[in-house]
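**Q** give me coordinates for this.
(2 chains)
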Amino acid sequence: MNQVNSPGTSKQVRTEVTVGSVRLKNPVLAASGTFGFGAELAPYYDLSCLGGICTTGLTLQPRVGNPPPRVAETKSGMLNAVGLQNPGVDVFVTEILPEMLTYDTAIIVNVAGNSKEDYVEMVRILSATEVTALELNLSCPNVSAGCMSIGAEPEQVWEVVASCRAVTDKPLWVKLTPNVTSISAVARAAEEAGADALVLINTLLGIAVDLKTERPVLRNNTGGLSGPAIKPVALRMVHEAHRDTNLPIVGLGGIAAAEDALEFMLCGASAVQVGTASMIDPDLIFRLPAEMAAIASAAGHDNLARYTGQLRPW
Amino acid sequence: MCQDNKPLLRHQGKLLRNECLSDSTNLLTIKAPEPARAARPGQFVQLKTSHYLRRPIGLMSVDREQGLIQLGIRRVGPGSNELCDLEPGIIVDLVGPLGTGFDLGLFDEDACATAPAHLVTVGGGTGLFPLIYLLEEAAGQGITTTAIAGFRSQTEAILQERMRATAKQCIFASDTGGLDFTGHAGEALTSVLDTLSLRPEQILVCTCGPVALLENIALQCLERKIQCQVSLEARMACGIGVCVSCSIPVYRRDSGTKTADNETTYERCCYDGPVFPAARIVWPSQGGIW
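**A** Next comes the predicted model:
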């Protein structure tokens, strides 16, 4: 499965990549919050075809999430304000994770907290499990405490990541928010605190307005913008973080085709996540590894890893 | 690839017919054999348009032998307008069938062993679409049916012939008169339930339409201890249960029907629903946020 015979060519393309110490059979992961825990899609797809699955964001206690409406369509994407509805880390570990571990793919657990203590406690709990890596969510824009309010401040990013680093040997990926002036400043803070990889970007904060009611569409007023609209911003931030840190990067933001995924790799990503596009085309993420390989093959390459960081700025 | 021996979720269907039912509603007939085979009453499909998100449309009828699905669509915005304007022959990109539909299995219980089961459907406006599929299914199972359909006016009353051909008894209602019953669909239900000489457990009420109507129906049934299932709508993104955007306020499964915040939660309209037992819903009058 780590090699794909590209359509129309006999050339073998190795799809395997590494993100720090984590080996992935291909660079395509399902993004947190857009794939649940995999159970809804397992009846239709072989989840072992994925490079990995990033779980829905988990919190220490169960969360009911935000009142509706939680979603608003935009011209080239969508706003969401789900507010981290999830069953809590304990239910995840006892009732959900055992099934996920049978999927034969990397399981990356997205960890969201109200406070530093929440993150540390969850990391401690999850470190005793067989999950592949932990993705510290310092970037959800739809909750009042923690997450983005931590991720926007380099000092707080350092504090949370260093505290989690102290209690785990699991690979620590840090998912950053684009709602900052300098992505490099927060990226460097995560690196200095001991992160193993960066994941960027989470959603861009936005508002959708209902002209008839003269209210925001979302009950939360603001929400996170995702979809093709944010891809150029995400590519720029992946490029900057790659330039200004030595950490491997998992890139996401508006990926809807194999070409998009390879563009992220050129900008510095070792792997990519697909999120909102799965809502439009649930098949897409399962096609991407082979389609990326086909493009690589046509360009005369025998592996996908070679794309990482090969962008040649003017 | 990656789908060996698994059913497809995404399909390409050919639009065979596009009929105008009224100024604001169309009926699409699509050749889509696999979804037609897999579908259950109350389920829906997600249709691709030129807009970013897919549009969830309830199944109005299915012909398994011919491999056809029928979708009733009301013009409520640019996406549904586009679907109503599709030309026959075009290939439609659809995901589904999706969601948890109506459960006629309730009739299998002992309560109905000694007397015929009776299904009452109550549809408000285009809410009657998914109920047609349910009525057709129930007729096939030998269940006695009464169909109530409420409309704002006589001119908006659609699919009368089809309803009358499907349900044993059919009541078209409108506040403005000119149909079988003058008043809204909830009042028509009251009148039907008052005259049915059956025990509550031999009746199932299934309803779809505006939330105010559904709440009216649900509370009537709750009071009479009659089983009631409601088909709901919510702003939806994925349609497959993974994004948790289309939340419906519900009482927790392990609680009664108290209204304290800590005993309510949200479930997914697209996956846990769109059909829910009415008693689980936190209606607007009970503090539910919609």
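
**Q** contacts, neighbours, all on C-alpha from now
**A** Noted.

**Q** which element is the residue nearest to B:C243 when sequence neighbours are not counted on?
**A** Leaving aside its chain neighbours, B:C243 sits nearest to A:T34 (4.9 Å; criterion: C-alpha to C-alpha, 6 or more residues apart in numbering or on different chains). A:T34 belongs to no helix or strand when assigned by DSSP states H and E.

**Q** again, but for the one 10 residues further on
**A** When secondary structure is defined by DSSP H and E, A:Y44 falls outside every helix and strand.

**Q** pull the number of nearby residues for it.
**A** 19 (other C-alpha atoms under 10 Å in any protein chain shown).

**Q** check A:T102 too.
**A** 10.

**Q** what does A:E192 give?
**A** So A:E192, with other C-alpha under 10 Å, has 14 neighbours.

**Q** ok, it - contacts?
**A** A:W158 (C-alpha atoms under 8 Å, 6 or more residues apart in numbering or on different chains).

**Q** circling back: isn't the residue nearest to B:C243 up against B:G241?
**A** No - assessed by C-alpha atoms under 8 Å, A:T34 is found out of contact with B:G241, at 9.1 Å.

**Q** which one's more surrounded, these two?
**A** When neighbours are counted by other C-alpha under 10 Å, A:T34 and B:G241 differ, and B:G241 comes out ahead with 27 against 24.

**Q** pretty sure that one sits in a helix.
**A** No - counting by DSSP: H, G, I helix; E, B strand; the rest coil, B:G241 is not found in a helix; it is coil.

**Q** distance-wise, check it relative to A:P282.
**A** Separation of B:G241 from A:P282 (C-alpha to C-alpha, to the nearest Å): 12 Å.

**Q** show me which residues of the stretch 101-250 of chain B sit near chain A.
**A** B:234-248 (C-alpha under 8 Å from any C-alpha of the partner chain).

**Q** need the three-state assignment for the residue of the stretch 151-300 of chain A found nearest chain B.
**A** The stretch 151-300 of chain A approaches chain B most closely through A:M279 (4.1 Å), counting by C-alpha to the nearest C-alpha. Following three-state DSSP, we place A:M279 in the helix state.

**Q** A helix includes A:G83, no?
**A** No - under three-state DSSP, A:G83 sits outside any helix and is assigned coil.

**Q** residue contacts, it?
**A** Contacts for A:G83 (C-alpha under 8 Å, 6+ apart) come out as A:G65, A:N66, A:N142, A:V143.

**Q** could you check which helix or strand contains the first one?
**A** Going back to what we said before, that points to A:G65. For A:G65, there is no enclosing helix or strand under DSSP H and E.

**Q** that one - nearest residue in space that isn't next to it in sequence?
**A** For A:G65, ignoring the flanking residues on the chain, the nearest one in space by C-alpha to C-alpha, 6+ apart is A:Q85 at 4.1 Å.

**Q** between its first and last residues, how far does stretch B:77-96 reach?
**A** 22 Å.

**Q** so where's chain B shaky on pLDDT?
**A** Along chain B, segments meeting pLDDT under 70 span B:1, B:3, B:106-116, B:254-262.

**Q** helices along that one, start to end?
**A** Here chain B has its helices, by DSSP state H, at B:33-38, B:78-84, B:128-140, B:160-166, B:185-195, B:211-224.

**Q** most tightly packed of those helices?
**A** Stretch with highest mean neighbour count among the helices of chain B: helix B:128-140 (a mean of 22; mean count of other C-alpha atoms under 10 Å in any protein chain shown).

**Q** ok, then the element right after the worst-scoring helix or strand of chain A on mean pLDDT?
**A** When each helix and strand of chain A is scored by mean pLDDT, DSSP states H and E, strand A:3-5 comes last, with a mean of 60. Counting by DSSP H and E, the next helix or strand C-terminal to strand A:3-5 is strand A:12-14.

**Q** show me what that following strand is packed against.
**A** Applying 3 or more C-alpha pairs under 8 Å, 6 or more residues apart in numbering or on different chains; DSSP states H and E, one finds that strand A:12-14 contacts strand A:3-5, helix A:284-298.

**Q** got the buried residues for the last one?
**A** What it means is helix A:284-298. A:284-297 (16 or more other C-alpha atoms under 10 Å in any protein chain shown).

**Q** can you narrow those residues to ones near chain B?
**A** Restricting the buried residues of helix A:284-298 to those within reach of chain B (C-alpha under 8 Å from any C-alpha) leaves A:F286, A:R287.

**Q** list the contacts of residue 265.
**A** Here I'm looking at chain A. A:M265 is in contact with A:G251, A:A271, A:V272, A:Y307, A:T308, A:G309, A:Q310, counting by C-alpha under 8 Å, 6+ apart.

**Q** switch to chain B, that's the one I care about
**A** A:V64, B:P249, B:V250, B:Y251, B:R252.

**Q** got the residue ranges for the strands in the stretch 1-150 of chain A?
**A** A:3-5, A:12-14, A:17-19, A:22-24, A:28-30, A:52-54, A:71-74, A:77-80, A:106-111, A:133-137 (DSSP state E, counting those that start in this stretch).

**Q** pick the most deeply packed of the ones you listed.
**A** Burial of the strands of the stretch 1-150 of chain A is given as mean neighbour count (mean count of other C-alpha under 10 Å); strand A:28-30 ranks first at a mean of 29.

**Q** tell me the strands beside that strand, with direction?
**A** Strand A:28-30 pairs in its sheet with strand A:52-54 (parallel), strand A:269-274 (parallel), by DSSP bridges.

**Q** quick one: that strand to chain centroid distance?
**A** Distance of strand A:28-30 from the chain centroid (C-alpha atoms, centre = their mean, to the nearest Å) equals 8 Å.

**Q** run through the residues that contact B:L179.
**A** If a contact means C-alpha under 8 Å, 6+ apart, then B:L179 has B:Q154, B:F172, B:A173 as its contacts.

**Q** next one: it from chain A, what distance?
**A** Per C-alpha to the nearest C-alpha, to the nearest Å, B:L179 is found 33 Å from chain A.

**Q** hang on, the earlier thing: closest to A:R215 among the contacts of A:G83?
**A** Taking C-alpha to C-alpha as the measure, A:R215 lies nearest A:N66 of these, at 16.7 Å.

**Q** what separation do you get for that closest one and chain B?
**A** Distance of A:N66 to chain B, given as C-alpha to the nearest C-alpha: 9 Å.

**Q** returning to that earlier point: please tabulate the helices of chain B in CSV, including the columns distance to B:L15.
**A** CSV is the format used below for the helices of chain B (distance: least, C-alpha to C-alpha, whole Å):
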stretch, distance to B:L15
helix B:33-38, 12
helix B:78-84, 11
helix B:128-140, 18
helix B:160-166, 21
helix B:185-195, 33
helix B:211-224, 31
